[in-house]
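Asker: coords please:
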Amino acid sequence: MPRLKNKICVVTGAARGIGRAIAAAFQHEGAKVIVTDIDEVTGKKTAAEIGGQFQKLDVREEKDWQNLAEIVPVVDVVVNNAGITGFENGAVAHDPEHATLEDWRAVHRVNLDGCFLGCRYAIAAMKNKGTGSIINISSRSGLVGIPLAAAYASSKAAIRNHSKSVALYCAQQGWKIRCNAINPAAILTSIWEPMLGDGDDREKRMQALVADTPLKRFGLPEEVAAVAVMLASDEATYMTGAEFNIDGGLLAGSAATPK
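Answerer: Next comes the predicted model:
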């Protein structure tokens, strides 16, 4: 039997990358998937290709969440995946000394405010049934300092902490609503393409970018999706307030042979 049969699942930032992979995996496991994204064109295309339903959603906007709540008032799984790095429109200073307050807030508004609103929507849409799974996509960058992407790292660290607060709050209410965080590291999505290029040195560039990763490769969106499926399923009903690193061993330490 499919692991998510008839579960209603909302995935944010699902038009591409990790979000798309999660939405596709959920659909494959029998879920009724609501593909949400600010990109209406790509979002509709993704929904059509995987067999889901599209709903435009700007995670920064409370009114968009209220609209979603009217359309999808009851839900079993919410994946708060939508996020930005701050570099989407080119090189911008995001170090602690030169980052502007405007740029700092822009990253937090999508990543952190979006996650907060998503968790709040999830609780409201799950509490009458008293069960559900909230999955927040944080990052390896939320566990370590990233000097040149301080806003991104800060926002992802906050998502990790908020996931625990949500988990504990739901448990205090007596609900079987779980909340967990996934912390991916270098996952091969379109965000890496500007650095990889399509020249003869692409493979060399890829190897250089994962040189410090013990498994010596990029992760795949499908590998993140596999963990999301497990957390969304009834196999994980005793998991809440937990974190799952998908990083090829990066945070385990060094794979180098001691001298």
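Asker: OK, contacts around A82?
Answerer: When contacts are counted by C-beta atoms under 8 Å, 6 or more residues apart in numbering, A82 touches 12-13, 19, 36-38, 57, 59, 110-111, 114. From N, CA and C alone the C-beta is placed, and that goes for glycine too.
Asker: and the strands in the protein?
Answerer: Residue ranges of the strands in the chain, as given by DSSP state E, are 8-11, 32-37, 53-56, 77-80, 131-137, 176-184, 243-246.
Asker: ok so, going back, going by distance to T189, which of the contacts of A82 wins?
Answerer: Distance ranking of the contacts of A82 against T189, using C-beta to C-beta, places G19 first at 9.5 Å.
Asker: so the closest one sits against G83, correct?
Answerer: No - applying C-beta atoms under 8 Å as the test, G19 and G83 come out as separate, 9.2 Å apart.
Asker: how about low-confidence regions in the protein?
Answerer: Low-confidence segments of the chain, defined by pLDDT under 70, are located at 194-195, 255-259.
Asker: what comes up buried for stretch 153-164?
Answerer: Within stretch 153-164, the residues that count as buried by 16 or more other C-beta atoms under 10 Å are 153-160, 162-164.
Asker: before we move on, the earlier item: find residues that contact each of G19 and G83.
Answerer: Both G19 and G83 are contacted by G13, under the criterion C-beta under 8 Å, 6+ apart.
Asker: quick one, which of those two is more surrounded?
Answerer: A direct count of neighbours by other C-beta atoms under 10 Å for G19 and G83 places G19 higher, at 29 against 24.
Asker: list the contacts of that one.
Answerer: Neighbouring residues of G19 by C-beta under 8 Å, 6+ apart: 11-13, 37, 79, 81-82.
Asker: want to throw these into TSV with distance to F244?
Answerer: Formatted as TSV, the contacts of G19 follow (distance: C-beta to C-beta, whole Å):
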residue	distance to F244
V11	17
T12	18
G13	18
D37	24
V79	13
N81	14
A82	19
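Asker: test my guess that R202 contacts W192.
Answerer: No - proximity of R202 to W192 does not meet the contact threshold set by C-beta under 8 Å, at 10.6 Å.
Asker: find the nearest non-adjacent residue to I177, please.
Answerer: Across the structure, with C-beta to C-beta, 6 or more residues apart in numbering as the measure, the residue nearest I177 apart from its sequence neighbours is C170 (4.0 Å).
Asker: and that neighbour, how many neighbours does it have?
Answerer: 25.
Asker: one more: the one 3 residues further on?
Answerer: Here the number of neighbours of Q173 (other C-beta under 10 Å) works out to 11.
Asker: tell me how far the closest residue to it other than its chain neighbours lies from P221.
Answerer: Counting by C-beta to C-beta, 6+ apart, the nearest residue to Q173 once its immediate chain neighbours are dropped is K127, at 7.3 Å. When C-beta to C-beta, to the nearest Å is applied, the distance between K127 and P221 equals 31 Å.
Asker: compare those two and say which is more crowded by neighbours.
Answerer: A direct count of neighbours by other C-beta under 10 Å for K127 and P221 places P221 higher, at 20 against 15.
Asker: surely the more buried one touches T189?
Answerer: Yes - A contact is recorded between P221 and T189 when judged using C-beta under 8 Å, the distance being 6.0 Å.
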